[in-house]
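S.K.: What shape does this take:
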Amino acid sequence: MTEQSQDAATSFVTIFDDTYNQPDCRAYFRMMDALGYRNQHHAVAAFRAGLAEMMRLRGLNSARIVDFASSYGIVSALMGHDLTLAEVFDRYRTPAFDGMPAPEVIREDRAWFDSIRRKVPPMRFVGLDVAPNAVAYGLGAGLFDAGFVEDLQENPASPELAEELAECDMIVECGSVAQLMPAALDRLLAAAGPRKPWVMTSPIRGNERPEAAEVMRDHGLVVEQLPVPPFVHRRFESADEQARASANARAQGHDPEGVESTGYFHAQVLLARPADEVSPPADWAMPVSVAPMGA
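M.R.: Numbering: from 1, shown residues only. Purely as a prediction, here's the structure:
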């Protein structure tokens, strides 16, 4: 869920590059905690509801999920474990982690995740990111069953990744990267099997792009916004960032009053799925939203 600006000339968000490729996840989650991240808390509830509905429609007993722009695997962690985002943040506030060597952090985390893993339904998670240390952490901590360090915006999927994509049931991404990388989306879906996976993303308001929606439609998917009110992504880093975000929201037809004006990026959940699997979210067995996470 690496944050990425639309382009170098018109930075949309502040880039926290120093946290995205550390040997372990501590700096990353502490940064998220300090900036009030909440996107995953809301988005993963919708992802899990969508996954359950997709599995029902396809008659599946297990699922294969590609975590696109996975970073250290927070989406895989929340989808595949009895765990909340608040519990993740609380864990890495513990002073015991301050001086711990990275290999020990990874061992401790693997034991923790193993102890709270959801057994039903069985899920296979594939991590995909451009940050090698983040993917290595996800593999070492047991969050990913397979991991790939590839830049699909620039290059086709490797044969090994293409093999995973051909079997995947759902592609998920928290943030906005998928919306800003239509070429990567095209390569993901081109490598997928004839029964295309569901795609669920939670872009920041103003960062949804018609080009990304068009790519998904070209692959036979119906694209829609789930009926979930805008939810907090994170607190703005600066007044300048807030001004840019409000301008981008307006450019995409959103009114920032009462949303971005409150001092936070807000996000929404977008879903793309085959036309013959379009069922009303109100009828899904699981709710698509959760109560706000406390500050």
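S.K.: Can you tell me the element the closest residue to Arg56 other than its chain neighbours falls in?
M.R.: In space, and not counting its chain neighbours, Arg56 is closest to Ala285: 7.1 Å by C-beta to C-beta, 6 or more residues apart in numbering. (Each C-beta comes from the backbone N, C-alpha and C, glycine too.) Secondary structure assignment for Ala285, by DSSP states H and E: no helix or strand.
S.K.: for the stretch 51-200 of the chain, what spans make up the helices?
M.R.: Along the stretch 51-200 of the chain, counting by DSSP state H, counting those that start in this stretch, helices occupy 74-80, 85-93, 102-115, 132-140, 159-167, 177-180, 182-191.
S.K.: The residue nearest to Arg56 and Ser176, how far apart?
M.R.: Ala285 sits 29 Å away from Ser176, going by C-beta to C-beta, to the nearest Å.
S.K.: Show me which of the two is the more surrounded one.
M.R.: Of the pair Ala285 and Ser176, Ser176 is the one with more neighbours under other C-beta atoms under 10 Å, namely 31 against 8.
S.K.: So the closest residue to that one other than its chain neighbours, which state does it fall into?
M.R.: Of all residues not flanking Ser176 in the chain, Asn207 sits nearest, at 3.8 Å (C-beta to C-beta, 6+ apart). Asn207 falls in the coil class when you classify it by DSSP: H, G, I helix; E, B strand; the rest coil.
S.K.: residues near Asn207, how many?
M.R.: 28.
S.K.: try Ala111
M.R.: There are 11 residues near Ala111, going by other C-beta under 10 Å.
S.K.: could we number from 56 for the rest of this?
M.R.: Sure, I'll start numbering at 56, so the last one becomes Ala166.
S.K.: Quickly note the distance from it to Val160.
M.R.: With C-beta to C-beta as the criterion, Ala166 and Val160 are 11 Å apart.
S.K.: With Met87 instead?
M.R.: 16 Å.
S.K.: In this protein, what helix or strand scores lowest on average pLDDT?
M.R.: Within the chain, no helix or strand scores below helix 232-235, which has a mean of 86 by mean pLDDT, DSSP states H and E.
S.K.: Quick check: which helices or strands does it pack against?
M.R.: strand 253-257, helix 265-273 (3 or more C-beta pairs under 8 Å, 6 or more residues apart in numbering; DSSP states H and E).
S.K.: what's the closest of the ones you listed to Gly313?
M.R.: Nearest to Gly313, of all those, is strand 253-257, at 19.6 Å by C-beta to C-beta.
S.K.: Show residues contacting that closest one.
M.R.: For strand 253-257, contacts defined as C-beta atoms under 8 Å, 6 or more residues apart in numbering pick out 94, 97-98, 101-102, 105-106, 109, 224-231, 233-234, 240, 244, 271, 276, 288, 322-328, 332.
S.K.: got it, and stretch 230-242?
M.R.: With C-beta under 8 Å, 6+ apart as the criterion, stretch 230-242 contacts 56-59, 61, 67-68, 94, 123-124, 206-209, 211-212, 226, 254, 256-259, 262-264, 266-267, 269-271, 273-274, 288, 322, 325.
S.K.: What would it look like as CSV? C-alpha coordinates only.
M.R.: Provided in CSV are the C-alpha atoms of stretch 230-242 (Å, rounded to 0.1, in the frame of the first residue of the first chain):
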residue,chain,number,x,y,z
GLY,A,230,-4.3,3.2,-0.9
SER,A,231,-4.2,4.4,-4.4
VAL,A,232,-1.5,2.7,-6.2
ALA,A,233,-3.7,0.5,-8.4
GLN,A,234,-5.6,3.6,-9.6
LEU,A,235,-2.4,5.3,-10.6
MET,A,236,-0.9,2.4,-12.4
PRO,A,237,-3.3,1.4,-15.3
ALA,A,238,-0.5,-0.4,-17.1
ALA,A,239,0.2,-2.6,-14.0
LEU,A,240,-3.5,-3.3,-13.7
ASP,A,241,-3.6,-4.4,-17.3
ARG,A,242,-0.7,-6.7,-16.9
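S.K.: Relative to the whole chain's centre, how far out is it?
M.R.: Averaging C-alpha positions (C-alpha atoms, centre = their mean, to the nearest Å) puts stretch 230-242 12 Å from its chain's average.
S.K.: and if you look at stretch 86-94?
M.R.: For stretch 86-94 - counting by C-alpha atoms, centre = their mean - the centre lies 14 Å from the chain centre.
S.K.: ends of it, how far apart?
M.R.: 14 Å (C-alpha to C-alpha, to the nearest Å).
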